[in-house]
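**Q** Next come a sequence and a model predicted from it.
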Amino acid sequence: MTEINSDLQNERKKCTFNIEELTEFVYGGPEKTKERRERGTVVLHNRLINCRDVVTQILGSTLVRDGSPLGLHYIMFMPTIITQANDEQQAKWLPRSWNCNIIGSYAQTELGHGTFVRGLETTATYDPSTKEFVLHSPSLTSYKWWPGGLGHTANYCILIAQLYTKGKCHGIHPFIVQLRDEETHVPLPGIKIGDIGAKLGLNEVNNGFLGFDHVRIPRDQMLMKHAQVLEDGTYIKSLNSKLNYGPMVFTRVVIVFDVANYLCKAATIATRYSAVRRQSQKRPGEQECQILDYLTQQHKIFPAIATSHALRIAGKKLWDTFNTINEQLIEGNLERLPELHALACCLKAVSTSDAAQCVERCRLSCGGHGYMLSSNLPLTYGLVTAACTYEGENTVMLLQTARKIQSCVKDMEKRVSSGISFEDAWNMSSVQLVSAAEAHCRVIILSNFDEEIKEKSKSSSPELAVVLNQLLELYAVYWALEKSENLVLSIDTLKDDIPEEYLSHKECYENVIRKGSVLYDIFLELSKDRKHRAHQAPSNAYRISDGIMQSVNPFLLHFALFVPAVTNQGTPEQQAEFLKNGSGVIGTYAQTELGHGTFLRGLETTATLDLETDEFVLNSPTLTSYKWWPGGLGHTANHCVVMAQLYVKGKCYGPHLFIVKIRDIETHEPLPGLKLGEIGAKMGFNTADNGFLGFHNFRIPRNNMLMKNSQVLKDGTYVESKNEKLTYGSMVFVRVYLLSDMAYMLARASTISVRYSAVRHQSHIKPDEPEVQILDFVSQQHKLFIAIATSHAFKISGLWLWQTYSKVMEDIGKGSLDRLPELHALSCCLKVTSTKDAGLLIEQCRFACGGHGYLMSSNLPLLYTTATAAITYEGESTVLLLQTARYLIKSWKRAMDGESLPATVSFLSEYFNKRYNKWENTPEGIVDGFKLVAAGLTKMSFESIQKHVSRGQHYEEAWNSSSVQLIKASEAYSRALLCEVFWVEINKVSSTLSNNLAVVLKQLAELYIIYWALEKRGDLLTYTSISKDNLENLQERYEELLALIRPNAVGLVDSFDIRDEILCSTLGAYDGRVYERMMEHALKSPLNADTVNQSFHKYMKPVLLKHKI
């Protein structure tokens, strides 16, 4: 048996309740728990584990890592037959389905329609002369798109199509349709079918497309339990049209259970990792502690545990409700059908959204290691986030619930009374309606959770009852707090014949090195005729690289970190040696270790001076001391800047930087004494060539230590730097750069999603009018316009921060280090906020594109994984916020002592001296309000630290106890900075612009500021004099700004001037030919090279023949 980590053993010993008792509570009692384990043992010890579809049915979807192509056969195809077919049809089709003589899918969603099922285009026209239905796809957008197993697995499907009899349309109805020959599996004549291509996840589900060219099926293949078509074409209406939607309601019930299980997995992984991972110290000189001991880590993980229980209980209650109402339906009682529909809609939407958010927080809590595919967290997130866009965008689900609860009646009545129609008022109120539906759903979840816990507590042990009630309270409090508020591109050798997503991991790297080398050669040629050196790539190099490679250039860290490190930390002689043209040096930057990220003082790699040979000896004393994560380190770079603990004459002088040659310039072989390679597949960034590096008595010349700031002389004398933080200058540079990089990623994401939203027509705002552009929906504007505004905010703030960085670097060159702490604090918090906001908003742009945004060909998944990787550069972002918090606390103390403060924190003095204004509902007033919030939170954090110290805690322990508040103070400070810089800089530049452009840019800046005021209303209510009326006025002004920006939305994203080759998106191209591009890309899938995949004859056919009736 594998030895269990001692930290985990200790954690289990500390547990105050019986773990088995809680397990039985979760799985429904001892018998069900035993049965679950027995099933697991049977399957896991049997070769059937290689047959994931079988495993899925036995152990559940959570064991199958990337979905099953048979999933829809069981959860939609068969349930539809049960609920929609009459007795004769069930007798014909159910036995064959149950024995897998036929394999089915469920085809509802179309290329051009998702949630708005009344707008579906596929037709089923009855021909009384032959007693057949003629199925037809009249346009490309009418092709069925997304059904799992449809591509190459299923030979039948349930088809949802518009029924026509005697020239009249009777709306959508279900039909059972044979797609492929049962013996050969070849598609039947008139049917165009295939796989839709790679997606963010669920790539084993075999999602497909399906088109019909006048395909005929018998009349009795319309499912006729509720509505019928007689032989003469007479249509007999159903008692209630919503009875046709039963299978989707059933699926929503299953989804709630599924996402709860996925969340259990993520929380288990994150918690166990956090118990094993040790980093940093609470008190100086003590052993590094488990990261699970940090409140900030608990804040990320524990709500996920509570939420998993809440969702599981909500799923159970929904299942009970579903069964009760189904029994009533059988008896002819349809009264509670709308209630079931509303419940299923909101619970599906909220559970998938919450679970996705919690799973991603669990991944981020594991730092860079959580980005590894081997952690299973990226895959788990991919599975959960896919559920967010089943049936299309979640917003539509919530609006279905909102129609039931009508929570915004007063606001809508006010608008209707002013002469606006009910439908227009509904659209204008859609943001609030969605919020109301979500709030309603949270009440349901919490009520169910409360009821279940109270009931179970009666029969549980006292210890378990305490824990269950703690989980209930944590869930309630957590969600209450959360919710308060171009030439190069034309070169043929740089183009791909096969999309990158269909290449293997090794092929992807080799392909990107091919293209990267061509690009690097171009930069070298360009540098011959310019003053800049080769390492100083043209300013648009990264943008061009994006277009060529889609993913990540493995040369990235050469330009972004290696060169800046040598430039800022190396002497002129070192710069001349390692940065000269033609040197053949390709570098990377190796700081992070397998066991250490942000806590640099804890790095284990050593560089010990050998006075006899005038060399440093580099060693990796433990496995955890191996360098881990540097881009380009695996197989690309031949040099790297290494951060290691400097030892001279037996004394450690802390982390210093060294230039290390790691591969032979001619052969590229690793040098003796080095263990070097690539770390493996990750959630994204898989062409970055992230590597590991270990040293075994590896020697380098003494002069390879970067000695601009500190030096080691030949006799071993150590000459100290003026400031130890000067060593960290390279990472400050990267943080400054990231703000602009996030702006560009948001520009790409918003361009894609806005153009798609202008092309996509779905649903009505007013009945009987044509379907509208989804960009006309206020709820869509709410998702997308903030992304445009944020891109501009980050761009402008990035320029401001770069100017600050340049000025501070200039001062340092003159010997002044006064503003170095301020620059460090600014770069830390702005890096965290920009990467976090960019990740969330890019994902929001993807959600706004519904299921199509989940396709890899949309490029939105790749943009998200690239942006979210930046969140954990240097490790977990919380540490950076705490760095800013230290600066804020020090500045607060200075304010208390009456000292003058830098302009970026002068508001602390004003707050301390109570020199602040009353609330004003203007951008300037909101900025001042955010400063008050930052000051108030800083003051509260300071007082919290003092309180804990007075109770006997050491200062660092008190700091840890107050860390959640400290982080909030840093976040508020960052938000105040971004809003102020955006507003001030936009107003400065407005006088140089045309009046029309100046107006639009000011609208974006105002939108950005008001958006965050509404998001952070809880903080503003706490620390400012804002009133309820002020907030209502801000909401009205926010909606006015959405309406003002709407006519300019496409123009705003066009102005980003991003070429289609760089966007790399089927959804966002300039010509708007979305559906044609999607189909063109889908046909490139290797699965579509053959009409019948070889796996059918090899695996499926023998099983089908074995059980054939």
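**A** Now that the structure is in, tell me what you want to look at. Residues are numbered from 1 along each chain as shown.
**Q** Okay, and Arg216 sits in which element?
**A** According to DSSP states H and E, Arg216 maps onto strand 215-218.
**Q** residues in contact with the helix or strand following that strand?
**A** Going down the chain from strand 215-218, the next helix or strand is strand 228-229, by DSSP H and E. The set of residues external to strand 228-229 that reach it, using Cβ atoms under 8 Å, 6 or more residues apart in numbering, is 126, 163, 165, 219, 222, 235-236. All C-beta atoms are positioned from the backbone trio N, CA, C, and that covers glycine.
**Q** still on that earlier bit, only the buried residues of the strand holding Arg216, if you could.
**A** By neighbour count on 16 or more other Cβ atoms under 10 Å, the buried set for strand 215-218 is 215, 217.
**Q** Could you export that strand as CSV, CA atoms only?
**A** Provided in CSV are the C-alpha atoms of strand 215-218 (Å, rounded to 0.1, in the frame of the first residue of the first chain):
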residue,chain,number,x,y,z
VAL,A,215,-35.7,12.6,-45.9
ARG,A,216,-38.9,10.6,-45.5
ILE,A,217,-40.0,8.7,-42.3
PRO,A,218,-43.3,6.8,-41.5
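**Q** Which strands or helices does that strand pack on?
**A** Judged by 3 or more Cβ pairs under 8 Å, 6 or more residues apart in numbering; DSSP states H and E, the packing partners of strand 215-218 are strand 132-136, strand 168-178.
**Q** Give me whichever of those is most buried.
**A** Stretch with highest mean neighbour count among the helices and strands packed on strand 215-218: strand 132-136 (a mean of 21; mean count of other Cβ atoms under 10 Å).
**Q** Contacts made by that strand with the rest, please.
**A** The contact list for strand 132-136 (Cβ under 8 Å, 6+ apart) reads 122-127, 159, 161, 175, 177, 212-219, 221-222.
**Q** repeat that with 7 Å
**A** By Cβ atoms under 7 Å, 6 or more residues apart in numbering, the list of residues contacting strand 132-136 from outside reads 123-127, 159, 161, 175, 177, 212-219, 222.
**Q** What number of neighbouring residues does the residue nearest to Met856 when sequence neighbours are not counted come out with?
**A** Excluding the flanking residues, the one nearest Met856 by Cβ to Cβ, 6 or more residues apart in numbering is Ala198, at 4.2 Å. A total of 21 residues lie near Ala198 under the criterion other Cβ atoms under 10 Å.
**Q** what's Ala198 sitting at in phi/psi?
**A** With angles defined as degrees, to the nearest 10, Ala198 sits at phi -70, psi 150.
**Q** If I follow the layout properly, it ends up in contact with Tyr854?
**A** No - judged on Cβ atoms under 7 Å, Ala198 makes no contact with Tyr854 at a distance of 10.3 Å.
**Q** Give me the distance between the closest residue to Lys682 other than its chain neighbours and Asn1030.
**A** With sequence-adjacent residues excluded and distances taken as Cβ to Cβ, 6+ apart, Lys682 is closest to Tyr371, at 5.0 Å. Between Tyr371 and Asn1030 the computed distance is 42 Å (Cβ to Cβ, to the nearest Å).
**Q** Neighbour count: the two, which is higher?
**A** Remark: of Tyr371 and Asn1030, Tyr371 carries more neighbours, 24 against 21, as counted by other Cβ under 10 Å.
**Q** my guess is that one meets Ile871, correct?
**A** No - between Tyr371 and Ile871 there is no contact under Cβ under 7 Å: 9.3 Å.
**Q** can you pull out the strands in the stretch 851-1000 of the chain?
**A** Shown for the stretch 851-1000 of the chain, no strands are assigned by DSSP state E, counting those that start in this stretch.
**Q** you'd agree Lys1084 is in a helix?
**A** No - Lys1084 is assigned coil when assessed by DSSP: H, G, I helix; E, B strand; the rest coil, not a helix.
**Q** how close does it get to Val1053?
**A** To Val1053, Lys1084 is 26 Å away according to Cβ to Cβ.
**Q** okay, these two: which has more neighbours?
**A** Val1053 (25 against 16).
**Q** What sits closest to that one if chain neighbours are left out?
**A** Thr751 is the one closest to Val1053 (Cβ to Cβ, 6+ apart), at 4.1 Å.
**Q** Pop the domain breakdown of this structure in here.
**A** As given by automatic domain parsing, the domain ranges for the chain are 71-238, 249-482, 492-721, 732-1063.
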